[in-house]
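> what would the 3D arrangement of this be:
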Amino acid sequence: MERYEIVKYLEDFKTRLNELETALNIPKIETLKLELEEKTYKANFYDDQKKAKEVLQKIKYYNDILREDQDLNNKISDLTVFLELFDAGEDVLNEIKKEIEYIEVNLKDFEIEILLNKEYDDAGVIIELHPGAGGTEAQDWAEMLFRMYTMYSEKKGFKMNVLDYQDGDEAGLKSVTFEVDGEKAYGLLKSEHGVHRLVRISPFDSNARRHTSFCSCSVTPKMTDFEEIEIKPEEIRVDTYRSSGAGGQSVNTTDSAVRITHLETGIVVQCQNERSQIQNREKALEVLKAKLHQLNEEKRQEKLDQLIDISINSFGGQIRSYVYHPYRMVKDHRTNYEELENSANDVLNGNLDGFINSFLKSKFNVR
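Down below sits the predicted model:
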């Protein structure tokens, strides 16, 4: 490693950390932390257990940020000292490489952590997949995406629960709704909201022609506080039907599945995977409230993409293309991040970190 490379790393680290500190407003965080700590000294602090817990969690959050920021500043100072020793002829190249590797990894993690502090980022997530026109090919593409998110959730240790699954005509699926719970689940998966495009030689075409398929992915944060959302019986239509499971599950013999249509907005939600009609109705209402809550937020902010940064207005606005013929490449059209060849295959096995991280970083750069 040459001196100019070390200097380049050092300048890059300083710039990136300075951008983070500016965005975070470190002095303000220190002030807020002290103000919250003063509240904990009051005799009646624990009278309201819920509020006390929220204050303590916020203090921990601020402490974590300040500790990580200080650690990175210390490491950058250490690297500066090692560079001076290097210039003096000392044999410290191995130490320099270790410092650079440590800072790179931890600074990247810090950047992502800061990007996941927006409203609802801590929430679970509800995802819906709907294939576009194209029959079996598009339905199979929707099934591939469902598998991709299933594998991603498993890699992250997230809990996944299928709420509704409609089998495809010959293969794949017509629609699926599922929820994912885990640390920062919505913050990470909000990047998937949009239209996904597949280009490949269709296994369903006897002439082995290239096909292009689309699938829309709707991502909604799970809400836990719906006090402001009131749904009157006359505002919805409730339909019941017999559920049909995926993967060879038997069809229920009773009309336990529930479909709820919100008449004013036209929002439709379905749930069939709970054990009874009552449970399916409760879960469907929970999903509907989450969607209405999100819709209210979007109306208040006057832009659809201010909550999730992206739009799903039409199948013409793809966020990502998965091309497997005549070459292999997965490319995100919002960030230009791409994976090629074998790495492109890994994407469909749930390796989404590169795309998610690049999306989060792009939003940080905008700020």
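> all contacts plus neighbour counts: C-alpha atoms, from now on.
Will do.
> tell me how far Asp181 lies from Tyr62.
Separation of Asp181 from Tyr62 (C-alpha to C-alpha, to the nearest Å): 24 Å.
> same thing with Glu104?
Glu104 sits 22 Å away from Tyr62, going by C-alpha to C-alpha.
> ok, Glu35 next?
Distance of Glu35 to Tyr62, computed by C-alpha to C-alpha: 12 Å.
> the two: who's more crowded?
Tyr62 (17 against 12; other C-alpha atoms under 10 Å).
> contacts only, for the more buried one.
29-30, 33 (C-alpha atoms under 8 Å, 6 or more residues apart in numbering).
> which element, helix or strand, includes it?
Using DSSP states H and E, Tyr62 sits within helix 49-87.
> neighbours of Glu84, how many?
Glu84: 13 neighbours (other C-alpha under 10 Å).
> swap in Phe13?
Neighbour count of Phe13, defined by other C-alpha under 10 Å: 19.
> would it be right to say that it lies in a helix?
Yes. Assessed by DSSP: H, G, I helix; E, B strand; the rest coil, Phe13 belongs to a helix.
> can you pull the contacts of it?
Applying C-alpha under 8 Å, 6+ apart, we find Phe13 in contact with 76, 103-104, 107.
> please repeat the previous calculation with a cut-off of 10 Å.
7, 19, 72-73, 76, 100, 103-104, 107 (C-alpha atoms under 10 Å, 6 or more residues apart in numbering).
> so how far is Leu348 from it?
In terms of C-alpha to C-alpha, Phe13 sits 33 Å off from Leu348.
> on that earlier part again, now do the buried residues in whichever helix or strand comes after the helix holding Tyr62.
Later in the chain than helix 49-87, the nearest helix or strand by DSSP H and E is helix 93-115. Within helix 93-115, the residues scored as buried using 16 or more other C-alpha atoms under 10 Å are 93, 96, 99-100, 103-104, 107, 110-112, 114-115.
> likewise for stretch 348-365?
348-352, 355-361, 364.
> now swap in stretch 142-151 and tell me
142-146, 148-151.
> swap in stretch 19-35?
Buried positions in stretch 19-35, judged by neighbour count with 16+ other C-alpha under 10 Å: 19-20, 26, 29, 33.
> of those, just say which sits nearest to Thr220.
Proximity of the buried residues of stretch 19-35 to Thr220 (C-alpha to C-alpha) peaks at Leu20, which lies at 27.5 Å.
> show the pLDDT at the closest one.
In this model, Leu20 is scored at 85, pLDDT.
> just to confirm, which helix or strand has it in it?
Going by DSSP H and E, Leu20 is in helix 3-24.
> after that helix, which helix or strand is next?
helix 26-40.
> can you tell me what sits against that next one?
Contacts for helix 26-40 (C-alpha under 10 Å, 6+ apart): 20-21, 45-46, 52, 55-56, 58-63, 65-66, 69.
> let me know the closest of those residues to Ser202.
Nearest to Ser202 among the contacts of helix 26-40 is Leu20, at 45.6 Å by C-alpha to C-alpha.
> could you measure that closest one against Ser276, distance?
Counting by C-alpha to C-alpha, the gap from Leu20 to Ser276 is 49 Å.
> same question, Glu37
On the measure of C-alpha to C-alpha, Glu37 and Ser276 end up 47 Å apart.
> any weak-confidence spans in the stretch 251-367 of the chain?
Within the stretch 251-367 of the chain, the segments meeting pLDDT under 70 span 251-253, 300-316, 364-367.
> hmm, try it at 50
Applying pLDDT under 50 to the stretch 251-367 of the chain flags the ranges 251, 303-315, 365-367.
> the protein: helices as residue ranges?
Per DSSP state H, the chain carries helices over the ranges 3-24, 26-40, 49-87, 93-115, 136-156, 185-189, 277-301, 305-308, 341-347, 353-366.
> including distance to Glu234, could these go into JSON lines?
Below are the helices of the chain laid out as JSON lines (distance: least, C-alpha to C-alpha, whole Å):
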{"stretch": "helix 3-24", "distance to Glu234": "46"}
{"stretch": "helix 26-40", "distance to Glu234": "45"}
{"stretch": "helix 49-87", "distance to Glu234": "35"}
{"stretch": "helix 93-115", "distance to Glu234": "41"}
{"stretch": "helix 136-156", "distance to Glu234": "34"}
{"stretch": "helix 185-189", "distance to Glu234": "31"}
{"stretch": "helix 277-301", "distance to Glu234": "14"}
{"stretch": "helix 305-308", "distance to Glu234": "29"}
{"stretch": "helix 341-347", "distance to Glu234": "45"}
{"stretch": "helix 353-366", "distance to Glu234": "41"}
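> can you pull the contacts of the residue most central in space within the chain?
Centroid-nearest residue in the chain, with C-alpha atoms, centre = their mean: Leu189, separated by 1.6 Å. Applying C-alpha under 10 Å, 6+ apart, one finds that Leu189 lies in contact with 121, 124-127, 149, 152-153, 180, 219-221, 308, 352, 356.
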